[in-house]
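Asker: Okay, predicted coordinates and the sequence, questions at the end:
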Amino acid sequence: MLDFQLAHARARDAVHYPLDSGALVRELGGGIVLKSAARDRAEYLRRPDLGRQLSDESRALVEAHRGEYEVAFVIADGLSALAVHRHAPGLIAAVRETSQAPVTVVEQGRVAIGDEIGSILGASLVVVLIGERPGLSSPDSLGVYLTWGPRQGKTDAERNCISNIRAEGLSVGAAVELLRLLMKESRERRLSGVNLKPGQTFLS
């Protein structure tokens, strides 16, 4: 019972653990700090829809960096900022590209907010790194979602997911290899989601 209570407390704390966006940007060597339309953590947890869209001020910030990019990397706290702080910087450093948009760090963000950001930036591909819902034994699990042709209204079936990135799950090194493969094949096929399965032969 004590083990269960400890695990439950760690999972609950992970959900409310604040994202230090300033420290994260410094560790990344630069980036743009954004906020979703959720005004605070309580509203974010009650209203998932608000976490999928940018605030008006943040939308204007993204529009100022509009261009034509191969890829945009988006980091969102999701339901575990702890996971983001532990694993996102190392993963981003390993897959950083010269043709990428500025990295964006989103407070109170859900996966789909990457579609809006990628679309505004003019990116062909968006990769969202986000803290996953904590389990009783995994308060620091990171997820990565890849979407080709980002735009608002994309469904989960149009994304590829790499999940359970943490020391006791999928290592950052293994996640980097899989992400690189997904990005390569997504660009070649110009798609993502259920029709993109890395390592398989594709039919036109």
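Answerer: That came in fine, so what should we check first?
Asker: List the buried residues in stretch 175-182.
Answerer: Using 16 or more other Cβ atoms under 10 Å as the burial criterion, the residues of stretch 175-182 that qualify are 175, 176, 178, 179, 182. C-beta: built from backbone N, CA, C; applies to glycine.
Asker: Let me see the residues that make contact with that stretch.
Answerer: The list of residues contacting stretch 175-182 from outside it, by Cβ atoms under 8 Å, 6 or more residues apart in numbering, reads 91, 94-95, 127, 142, 144, 146, 160, 162, 165, 192, 196, 198-199.
Asker: Could you rerun that using 10 Å?
Answerer: Contact with stretch 175-182 is made by 87, 90-95, 125, 127, 129, 142-144, 146, 148, 160-166, 169-171, 192, 196-199, as judged by Cβ atoms under 10 Å, 6 or more residues apart in numbering.
Asker: Among those, name the buried ones.
Answerer: Among the contacts of stretch 175-182, those classed as buried by 16+ other Cβ under 10 Å are 87, 91-92, 95, 125, 127, 129, 142-144, 146, 148, 160, 162, 165-166, 169-170, 192, 196.
Asker: and the residues you listed, which of them are in helices?
Answerer: 87, 91, 92, 95 (DSSP state H).
Asker: how close does the closest residue to the second one other than its chain neighbours get to residue 87?
Answerer: Taking Cβ to Cβ, 6 or more residues apart in numbering, and ignoring the residues beside it in sequence, residue 91 has residue 172 as its nearest neighbour in space, at 5.4 Å. In this structure, residue 172 and residue 87 are 6 Å apart, going by Cβ to Cβ, to the nearest Å.
Asker: Over to residue 31?
Answerer: When distances are taken as Cβ to Cβ, residue 31 and residue 87 turn out to be 16 Å apart.
Asker: same check, this time on residue 80
Answerer: Separation of residue 80 from residue 87 (Cβ to Cβ) stands at 10 Å.
Asker: This completes my enquiry, with thanks.
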